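> Could you work out the structure for the sequence below:
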Amino acid sequence: MKVLLSDAIEQQCIDILKSENLEVTLSPGLSPDQLKSVIGEYDALIVRSGTTVTADIIAAAKNLKVIGRAGAGVDNIDVDAATRKGIIVMNTPGGNTISTAEHTISMMLALARNIPQADASLKRGEWNRKKFLGMELFEKTLGILGLGKVGREVAVRCKAFGMKLLAFDPVLSADAAKDLGIELVGVKDLLRRSDIITIHTPLTNETRGIIGKSGFAICKKGVRIVNCARGGIVDEGALLDALNAGIVGGAALDVFVTEPPGDNPLLKHPKVIATPHLGASTEEAQEKVAEQVARQVADALHGRGVAGSVNADEFNKAMRAEVKPYLLLAEKFGLLVAQLKNGALRSLILRVHGGVLFESREILGAAFLKGMFSAVLEEPINYLNAPLIARERGIRLETIAGEKHENYSSLLSVRFETEKEKREISGTVFDNDRLRIVGIDGFHFEANPEGHLLFYSNVDRPGVVASVSRILAKASINIAGMSLGRYGVGREALTIMAVDSAIPATILAEIASVEGLLEVKTVFLGK
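Prediction:
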């Protein structure tokens, strides 16, 4: 079998593959057309960030069985196209965790002590000690935005400096944070209280621009910003304005919205230090991921098992046909909980009604966790790693058998509790493929868990639906379907509207202002 390496990689990757009796071709720098023309003869492709594996390239891959990414991100691979063609896509998560954490600490120290600026000044023949007065990290408050693997490693190191640690993480439990010596807070609280803010969250629709103009407005004067995660999480224009206004005392940036950043004005600012995306650029990290991807690819090609896969859910293949739609329903519930919940999770209970579902309760729980984590984490989530991630984050999902239901032979329900609320969602599958939400918080109705959904609760009174519909119509947002439930006349009611497109924040705010509305939220549950 033949393996193509289309990006430069450490020699041990090549050596391991050859020791596994695989024919190896190293061809870094291939153009998309060149890659497309040769990919048909290979059984595996190994890439780094330099190669973009498009749907066209995958379509031309007649024999390809595995695509391996030597690194954590797979944003340069069309995973959906690979999945549709039955190609396993795998990555090497965790190989660069320490390198990125150490680079973050390096940037933080350099920023606090003005090291790059002082170095440049001294090399110009100057001796200006007063100009580069620094700041101690001891007893300063560090705000960590995202407590994944890298964020936790940064926390451990900064704790040794004697810093006070705050963090925001949408899925980490308060108990797990407490064990790390970290106070779990909301984003606004973190911005208000931190002397230094470091970013370790993925770039998603929810995190894009999460620190922007309004965020900087509530920060401490002189706050320092460190971003070694992804460009775009911090609004670059707002950061430049905050630096010029003296709100931000300095920024250390390893990532940018556009890379290379070109003529980015942040690079010319005297209070900005920058590096060219070096978070994972250490010999050790590169060697780890090179060795890891070689072993994973060899194992997959030789049929010894699949590790690090982002799309080959082996459990799913083993499930009976009648369970598979409930796996998808469980994933949809996970997505729904991640987007609906208010506050950090305290408890999660998955209740399964029906013997077939009870026999598959573990995989149904993994499917739910996969959906929930996929909404908030950048790292690829599958049925195998979702329970492990839950344990790492102190989240316990209890799976129990429900009594025989009076209305449904098979029913899936999820009950979750945060410090602010208790809620329950239930659903079933009709005709083997029609997924439906049939209950939320005691309200009974039928809704398709798909696409963009608007949820709002209100006091049951005439005119509310009409008011919301008018606002959506004025914004040219089409209503595709609607389900309503209520406790009784004049009591609380819940409405779910399926709409054809995302609802902008301004329109959502207008809907929230309708008299009688109690809570308004939008979710996206995919196709």
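
> Point out the other helices and strands that the host helix or strand of residue 498 packs with.
Using DSSP states H and E, residue 498 maps to strand 492-499. Judged by 3 or more CB pairs under 8 Å, 6 or more residues apart in numbering; DSSP states H and E, strand 492-499 is in contact with strand 434-440, strand 443-447, strand 452-459, helix 464-474, strand 479-486. For glycine as for every other residue, the C-beta is placed from the backbone atoms N, C-alpha and C.

> any idea of the angle the third one forms with strand 443-447?
Here strand 452-459 runs at 160 degrees with respect to strand 443-447, directions being taken by axes from the mean of the first three to the mean of the last three CA atoms, to 10 degrees.

> Next, residue 260: secondary structure please.
Following DSSP: H, G, I helix; E, B strand; the rest coil, the label given to residue 260 is coil.

> ok, now residue 372?
Using three-state DSSP, the structure places residue 372 in helix.

> how near is it to residue 414?
Separation of residue 372 from residue 414 (CB to CB, to the nearest Å): 9 Å.

> same question, residue 118
Per CB to CB, residue 118 is found 55 Å from residue 414.

> Same check on residue 199?
Taking CB to CB as the measure, residue 199 and residue 414 are separated by 31 Å.

> same check, this time on residue 504
Note on residue 504: its distance to residue 414, by CB to CB, is 29 Å.

> higher neighbour count, these two?
residue 414 (22 against 12; other CB atoms under 10 Å).

> Give me the sheet partners of the helix or strand in which that one is found and which way each runs.
Assigned by DSSP H and E, residue 414 belongs to strand 411-418. Strand 411-418 sits in its sheet next to strand 345-353 (antiparallel), strand 422-430 (antiparallel), going by DSSP bridges.

> In it, which residues are buried?
411, 412, 413, 414, 415, 416, 417 (16 or more other CB atoms under 10 Å).

> again, but for stretch 114-121
114, 115, 116, 117, 118, 121.

> I'd like the distance between the first one and residue 400.
The span separating residue 114 from residue 400 equals 57 Å under the rule CB to CB.

> do the fourth one as well
As for residue 117, its distance to residue 400 is 59 Å (criterion: CB to CB).

> One more: residue 195?
For residue 195, the distance to residue 400 (CB to CB) stands at 45 Å.

> Which residue of those two possesses the greater neighbour count?
Taking neighbours as other CB under 10 Å, residue 195 and residue 400 compare with residue 195 leading, 20 against 11.

> check contacts around the nearest residue to the more buried one once chain neighbours are set aside.
Distances taken as CB to CB, 6 or more residues apart in numbering place residue 140 nearest to residue 195, at 4.2 Å, with adjacent residues excluded. By CB atoms under 8 Å, 6 or more residues apart in numbering, the contact list for residue 140 reads 163, 164, 195, 196.

> The second one pairs with what?
Under DSSP bridges, the beta-bridge partners of residue 164 are residue 141.

> cool, the last one as well?
The residues listed as beta-bridge partners of residue 196 by DSSP bridges are residue 142, residue 224.

> who's in contact with it?
108, 111, 112, 137, 140, 141, 142, 143, 223, 224, 225, 226.

> ok, which stretches of the stretch 1-150 of the chain are strands?
With strands called from DSSP state E, counting those that start in this stretch, the stretch 1-150 of the chain shows them at 2-5, 23-26, 44-47, 66-69, 88-90, 141-145.

> of all these, which lies closest to residue 261?
Residue 261 lies closest, by CB to CB, to one member of those: strand 141-145, at 21.1 Å.

> And the contacts of the closest one?
Contacts for strand 141-145 (CB under 8 Å, 6+ apart): 151, 154-155, 158, 163-168, 182, 187, 190-191, 193-201, 210-211, 233.

> next structured bit after the helix or strand bottoming out on mean pLDDT in the chain?
Sorted by mean pLDDT, DSSP states H and E, the helices and strands of the chain end with helix 314-318, the least confident at a mean of 52. Downstream of helix 314-318, the next assigned helix or strand under DSSP H and E is helix 324-340.

> before we move on, the earlier item: which two in the buried residues of stretch 114-121 are spaced the farthest apart?
Spatial extent of these (CB to CB) is set by the pair 115 and 121 at 10.8 Å.

> re earlier: quick one: the strand holding residue 414 to strand 434-440, angle?
The directions of strand 411-418 and strand 434-440 differ by 50 degrees, with the same axes, to 10 degrees as the criterion.

> show me what contacts residue 105?
Here residue 105 is in contact with 154, 157, 158 (CB under 8 Å, 6+ apart).

> again, only this time at 6 Å
Applying CB atoms under 6 Å, 6 or more residues apart in numbering, we find residue 105 in contact with residue 157.

> pLDDT value on it, please?
What the model reports for residue 105 is a pLDDT of 98.

> Would you map out the domains in this structure?
If you go by automatic domain parsing, the domain ranges for the chain are 2-94+283-311, 97-274, 315-524.

> Lowest average confidence across the ones you listed, which one?
Lowest mean pLDDT within the domains of the chain: domain 315-524, at a mean of 87.

> Would you map the helices across the stretch 151-300 of the chain?
Using DSSP state H, counting those that start in this stretch, the helices of the stretch 151-300 of the chain run over residues 174-179, 187-193, 213-217, 236-244, 283-301.

> what's in contact with the fourth one?
If I follow you right, that is helix 236-244. Taking CB under 6 Å, 6+ apart as the rule, helix 236-244 contacts 212, 213, 216, 248, 257, 265, 266, 269, 271.

> can you check the shortest one too?
Identification of contacts with helix 213-217 by CB under 6 Å, 6+ apart yields 191, 238, 242, 247.

> got the buried residues for stretch 255-267?
Residues 255, 256, 257, 261, 264, 266 are the ones in stretch 255-267 that count as buried (16+ other CB under 10 Å).

> Grab the nearest non-local neighbour of the last one.
Which is residue 266. Closest to residue 266 by CB to CB, 6+ apart is residue 272, at 5.2 Å.

> pretty sure that neighbour contacts residue 251?
Yes - taking contacts as CB atoms under 6 Å, residue 272 lies within contact range of residue 251: 4.9 Å.

> of the contacts of helix 236-244, closest to residue 31?
residue 257 (25.1 Å).

> Do I have it right that that closest one meets residue 233?
No - using CB under 6 Å as the test, residue 257 is too far from residue 233 to be in contact (9.6 Å).

> any residues in contact with both of these two?
Counting by CB under 6 Å, 6+ apart, residue 257 and residue 233 have no shared contacts at all.

> how far is stretch 419-431 from where the chain is centred?
A distance of 23 Å separates the centroid of the chain from that of stretch 419-431, by CA atoms, centre = their mean, to the nearest Å.

> ok, residues contacting it?
Contacts with stretch 419-431, where a contact means CB under 6 Å, 6+ apart, come from 325, 329, 333, 342-343, 408, 411-416, 435-441.

> same thing with stretch 518-527?
Identification of contacts with stretch 518-527 by CB under 6 Å, 6+ apart yields 332, 335-336, 339-340, 449-450, 452-458, 503, 511-512.

> Just the buried ones from those residues?
332, 335-336, 339-340, 449, 452-458, 503, 511.

> Return the member of these nearest to residue 9.
Distance ranking of these against residue 9, using CB to CB, places residue 335 first at 35.3 Å.
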